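Asker: Here's a sequence, model it:
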Amino acid sequence: MLADMKTRLEAARLLTYQAALAKGEVKKAGGRYSLQAAMAKLYASETAMWVTTKAIQVFGGNGYSKEYPVERHFRDAKITEIYEGPARYSGW
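Answerer: Just a heads-up that it's a prediction; the model follows:
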């Protein structure tokens, strides 16, 4: 479970880096990077929720306790799914 969590976090990080590189290229040559940004935001928010759900399982009953930060991370991850969402991409 921990390996799966780490793998998904690394994938989200790499998608974010890819979007940042695309933005840098846009500054040089023009174009758009909204697809890469939307993919990174979507995957990162879904990954945050998935990973924190697994973390609560790892912590067991203590996962819901305010004594551990995993409870707060879970709430923060959920709000990124609801509030942020993926960026709009109009280039379909």
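
Asker: Tell me, how many residues neighbour Leu9?
Answerer: Neighbourhood size, Leu9 [other Cβ atoms under 10 Å]: 15. Every C-beta, even on glycine, is put in place using the N, C-alpha and C of the backbone.

Asker: Need the per-residue pLDDT for it.
Answerer: Looking at Leu9, its pLDDT is 97.

Asker: OK, contacts around it?
Answerer: By Cβ atoms under 8 Å, 6 or more residues apart in numbering, the residues touching Leu9 are 47, 51.

Asker: Ramachandran angles for it?
Answerer: Leu9 adopts backbone torsions of phi -60, psi -40, taken as degrees, to the nearest 10.

Asker: Could you report the distance from it to Gly31?
Answerer: Leu9 sits at a distance of 29 Å from Gly31 (criterion: Cβ to Cβ, to the nearest Å).

Asker: Val51 too?
Answerer: According to Cβ to Cβ, Val51 and Gly31 sit 32 Å apart.

Asker: Which one's more surrounded, those two?
Answerer: The neighbour count for Val51 versus Gly31, taken as other Cβ under 10 Å, is higher for Val51 (21 against 10).
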